[in-house]
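Student: Predicted coordinates and the sequence they were generated for:
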Amino acid sequence: MTNDQRGRESDRTVRTDSRPRIAVLISGRGSNLQSIIDAIAAGTLDATIAVVISNRAGAQGLTRARDAGIEALFINPKDSPDRDAYDRAIVDALNARRVTLVCLAGFMRLVGAPLLDAFPQRILNIHPSLLPSFRGLDAQRQALDHGVRVTGATVHLVTSQLDDGPIVLQATVPVLEGDTVDTLSARILVEEHRLYPEAIRLVLAGGWALDGRRFLTRGH
Ligand code: GRF
């Protein structure tokens, strides 16, 4: 095959791939990103990850993306004069890749107006607690310290408020005697990895509506 033919072949591949184009925004380990990559590879999630973006250069998730043949971008916050400019840099990268759904997966930044306005009701986040309990950092430690018997994971639509926004799916996880932050986090993570691809599938399928804070799916 000549380079020309190869070019036409890849053009055709791009044109015929009608799957929804999602982006995953990360800051670190990227195990939730991996669960999305794996669900797509297994055929249980019909989407394509158009790009993975990190605000940290050394994020392990960037390596996971590249290993899976996915474009991985480090967008340095230091290259933007302020928070809004950084958000706009992300929006530009997402629009250039025709992304329609943004999935935050351990992205350790508040999302501001430029990003929220560019993707209204099209940004998801996963949080390791049963929201609205234990928002913010160290949700697993907060749950242990509070002494709850049950905690879990939540996927929600992102709003301007931290760990707020309509709840798409939740999963419960028991807190066991003798749990440490590590053992509890690991148990929650198993549920996160199941929940996030499922929530993305649900949102991409459409047929849902918001009634105030409530995320209602067809038939409810
Ligand atoms: C997860 O616990 C997620 O719920 C929280 O940050 C962690 C990210 O882990 N928002 P990973 O980077 O996906 O492994």
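Tutor: Okay, I see it. Numbering: from 1, shown residues only.
Student: Spell out which parts of this structure neighbour the ligand.
Tutor: Contact residues (CB under 6 Å from any ligand atom) of the chain with the ligand: 26, 28, 29, 30, 31, 32, 105, 106, 126, 127, 128, 192. Yep, even glycine has a C-beta here, placed from its N, CA and C like the rest.
Student: Next, count neighbours for residue 23.
Tutor: Neighbour count for residue 23, taken as other CB atoms under 10 Å: 23.
Student: Could you pull up the residues touching residue 59?
Tutor: Residue 59 makes contact with 26, 27, 28, 29, 30, 74, according to CB atoms under 8 Å, 6 or more residues apart in numbering.
Student: which of those residues sit farthest apart?
Tutor: For the contacts of residue 59, the farthest-apart pair by CB to CB is 29 and 74; their separation is 15.3 Å.
Student: quick one, what contacts the residue in the chain that the ligand sits nearest to?
Tutor: Closest to the ligand within the chain is residue 106: 2.7 Å, counting by CB to the nearest ligand atom. Counting by CB under 8 Å, 6+ apart, residue 106 makes contact with 26, 27, 28, 29, 30, 32, 61, 126.
Student: with these in mind, which one is nearest to residue 178?
Tutor: Closest approach between the contacts of residue 106 and residue 178, by CB to CB: residue 29, at 24.8 Å.
Student: Now that closest one. Nearest residue, chain neighbours left out?
Tutor: Of all residues not flanking residue 29 in the chain, residue 60 sits nearest, at 5.1 Å (CB to CB, 6 or more residues apart in numbering).
Student: what's the helix or strand that contains residue 89 in contact with?
Tutor: For residue 89, the host element (DSSP states H and E) is helix 83-96. Residues from elsewhere that reach helix 83-96, judged by CB under 8 Å, 6+ apart: 23, 25, 51, 53, 55, 73, 75, 77, 79-80, 102, 109-115, 118-119.
Student: Go through these and flag which are in strands.
Tutor: Taking DSSP state E as the definition of strands, the contacts of helix 83-96 contribute 23, 25, 51, 53, 73, 102.
Student: Quick check: the two most widely separated of these?
Tutor: 73 and 102, at 13.3 Å, using CB to CB across the ones in strands among the contacts of helix 83-96.
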